[in-house]
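Novice: Give me a model of this one.
(one chain, ligands or ions: 1)
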Amino acid sequence: MMPVQKEEKFTLPRRMQGLQPTLIRQFFERALPDSINFGLGEPDLPTPQFMRDEAARVARDEQNGYTSHPGLPALRDKIAEQYPHLNLPRTGVVVTCGSQEAMTDAFMCVVDEGDEVLLPNPSLPAYEACTRIAQGTPVYYKMPADRDFEFDISNFKSQITEKTKAAVVISPSNPTGKILTEQNLRDIAEALDGTGIWLISDEIYSDLYFGERPHSASEYYDRTIIVSGLSKSLSMTGWRLGWAASKDPDIMQAIQVLHGFTTVCAAAIVQKASLLAWNDDAEAAKQRAREVYAKRGAFLVDLFEKEMGLHATSPEGAFYTMLDVRSLGDDIEVAEKCLQNRVVTVPGVAFGDEAKGFLRISFCNTEEKMAEGVKRMKEAIGA
Ligand SMILES: Cc1ncc(COP(=O)(O)O)c(C=O)c1O
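Specialist: Numbers count the residues shown, from 1 in each chain. Modelled structure (predicted):
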């Protein structure tokens, strides 16, 4: 027998090296008692009562074993119906434990060692983490701060190389609250046409829009994998119900297999209750959420202008705005001062260097709390 070599020190596999908790979490976890939370992107509206009642009924009255790996057939059919332009078969949908799992699955099934992945700058740090876990290389396209973080097709195109395997788009955006226009999506589709590049479209905020309903990238580009779920539109972050959907049968088969080995299936109780997520009551709850967040976003942007003389981007969807604090110094220092005065924000740099000098502010708060938050920020940073 070969002598076993003793390893003195454990070294993480390369795919895990350098992965750190995000600055978003690091700031949130240091919050002082009684802080106002402009930090986490977690809806504060209650989960609709009928969803809670249904989950409670299912837990009490039914036997809840495993479902098939890709989810309850009836739920997959309901999700497929959300994308009529794709005419998806049931196999075009895999139900996952939140959209985060769908996103990680999509990256793992598309990206190979050395592949480049185009990511928006600024964007969610999870995209870079997923790229690294899949042993790909993140490459950033700029959403220019000086143009209120709007999409710039020439910058997007300039980052495409022979190694580009996938690109990520998000609309409405975390962290900017911006929506990609139909023309933006057509331009992206044209730039990718014939390249074989995969488009991963993060549509977790697609039900939270304040003007016209956003278009899906999948309307214009076939090689799109949609990543979405119920967390944000129905205040169900802790329920962990998401999905991946695509027209491409091979990628959906791969995602289904990986999903089976990572989580087996999303919780049966949650899947059964989620069959109600598109009924009239659910659509009314989504509409209410749109109205509430639109009003709060306008209120907060206005308050920053009036009380602090600071510009914040006008949110078009989701529940975020980017507050420009470049005149006040480094965003990490500004966020730190706010934290010490019991207001949690996120320094823009957490989402990429294009957002340096900004704070991401989430408006999952009542107007009263937001007014208190702005007052504390003013005291802390003296704008
Ligand atoms: C842009 C974006 N995508 C995906 C997620 C993950 O959401 P979930 O896994 O709850 O569906 C989040 C959560 O904050 C997000 O902001």
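
Novice: residues from the stretch 1-150 of the chain in reach of the ligand?
Specialist: 41, 98-100, 124 (CB under 6 Å from any ligand atom). To be clear about C-beta, it is placed using only N, CA and C from the backbone, and glycine gets the same treatment.

Novice: Would you reformat those residues as CSV and include secondary structure?
Specialist: Converted to CSV, those look like this (DSSP: H, G, I helix; E, B strand; the rest coil):
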residue, secondary structure
41, coil
98, helix
99, helix
100, helix
124, coil
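
Novice: Which of those residues scores worst on pLDDT?
Specialist: The lowest pLDDT within these belongs to residue 41, which sits at 88.

Novice: so that one makes contact with residue 173?
Specialist: No. Under the criterion of CB atoms under 8 Å, residue 41 makes no contact with residue 173, lying 11.2 Å away.

Novice: Of these two, give the one with the bigger neighbour count.
Specialist: residue 173 (28 against 21; other CB atoms under 10 Å).

Novice: What's the separation between the residue nearest to that one when sequence neighbours are not counted and the ligand?
Specialist: Closest residue in space to residue 173, ignoring its immediate chain neighbours: residue 318 at 6.6 Å, by CB to CB, 6 or more residues apart in numbering. Distance, residue 318 to the ligand, using CB to the nearest ligand atom, to the nearest Å: 8 Å.

Novice: Please shift the residue numbers so they start at 17 in all later answers.
Specialist: Got it, first residue is 17 now, which makes that one residue 334.

Novice: Tell me which residues touch residue 334, please.
Specialist: 57, 188-190, 193, 221, 224, 248, 309 (CB atoms under 8 Å, 6 or more residues apart in numbering).

Novice: How far does the least confident helix or strand in the chain by mean pLDDT sit from its chain's centre?
Specialist: Ranked by mean pLDDT, DSSP states H and E, the weakest helix or strand in the chain is helix 39-45, scoring a mean of 85. When distances are taken as CA atoms, centre = their mean, to the nearest Å, helix 39-45 is centred 16 Å away from the chain's centroid.

Novice: Check which element follows that helix along the chain.
Specialist: Next in sequence after helix 39-45, counting helices and strands by DSSP states H and E, comes strand 52-53.

Novice: counting contacts, what elements does that following strand pack onto?
Specialist: Contacts defined by 3 or more CB pairs under 8 Å, 6 or more residues apart in numbering; DSSP states H and E place strand 52-53 against strand 359-360, helix 383-397.

Novice: Which SSE is immediately downstream of the shortest one?
Specialist: Scanning the chain past strand 359-360 towards its C-terminal end, the next helix or strand to appear is strand 362-363 (assignment: DSSP H and E).

Novice: can you give me the helices for the chain?
Specialist: 39-45, 65-77, 89-97, 114-126, 141-149, 169-174, 198-208, 265-278, 284-289, 296-319, 347-356, 383-397 (DSSP state H).

Novice: and the two most separated of the contacts of residue 334?
Specialist: Farthest-apart pair in these is 189 and 309; separation 14.0 Å (CB to CB).

Novice: export stretch 232-240 as CSV, just CAs?
Specialist: Output of stretch 232-240 as CSV, limited to C-alpha atoms (Å, rounded to 0.1, in the frame of the first residue of the first chain):
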residue,chain,number,x,y,z
SER,A,232,-38.1,39.4,-20.4
ALA,A,233,-34.8,38.9,-22.3
SER,A,234,-36.3,35.5,-23.3
GLU,A,235,-38.7,37.4,-25.7
TYR,A,236,-35.7,38.3,-27.9
TYR,A,237,-33.0,35.7,-27.4
ASP,A,238,-33.6,31.9,-27.4
ARG,A,239,-30.5,30.9,-25.4
THR,A,240,-31.9,32.6,-22.2
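
Novice: ok, and for it, which residues are buried?
Specialist: Across stretch 232-240, burial judged by 16 or more other CB atoms under 10 Å covers 232-234, 236-237, 239-240.

Novice: Tell me which of the residues you listed fall in strands.
Specialist: Counting by DSSP state E, the buried residues of stretch 232-240 place residue 240 in strands.

Novice: got the contact list for residue 146?
Specialist: 119-120, 123-124.

Novice: who wins for most neighbours among the contacts of residue 334?
Specialist: When neighbours are taken as other CB under 10 Å, the top entry among these is residue 193 (30 neighbours).

Novice: and residue 230, how many neighbours does it have?
Specialist: Residue 230 sits with 21 neighbouring residues when counted by other CB under 10 Å.

Novice: Now do the closest residue to it other than its chain neighbours against the ligand, distance only.
Specialist: In space, and not counting its chain neighbours, residue 230 is closest to residue 195: 4.8 Å by CB to CB, 6+ apart. Using CB to the nearest ligand atom, residue 195 is found at 13 Å from the ligand.

Novice: tell me the contacts of residue 195?
Specialist: When contacts are counted by CB under 8 Å, 6+ apart, residue 195 touches 187-189, 225, 227, 230, 332-333.

Novice: mind giving me a markdown table with those residues and columns for pLDDT?
Specialist: Listed next are the contacts of residue 195 as a markdown table, based on pLDDT from 0 to 100:
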| residue | pLDDT |
| --- | --- |
| 187 | 98 |
| 188 | 98 |
| 189 | 97 |
| 225 | 98 |
| 227 | 96 |
| 230 | 98 |
| 332 | 98 |
| 333 | 98 |
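
Novice: Which two among these are spaced furthest apart?
Specialist: 189 and 227 (14.3 Å).

Novice: Next up, the contacts around residue 326.
Specialist: Listed by CB under 8 Å, 6+ apart, the contact set of residue 326 reads 320, 339-341, 343, 399.

Novice: where does it fall, phi/psi-wise?
Specialist: phi -110, psi 140 (degrees, to the nearest 10).

Novice: what about the nearest residue to it once chain neighbours are set aside, how many residues close to it?
Specialist: In this structure, residue 326 finds its nearest non-sequential neighbour in residue 320, 4.8 Å apart by CB to CB, 6+ apart. Applying other CB under 10 Å, we find 23 other residues in the vicinity of residue 320.
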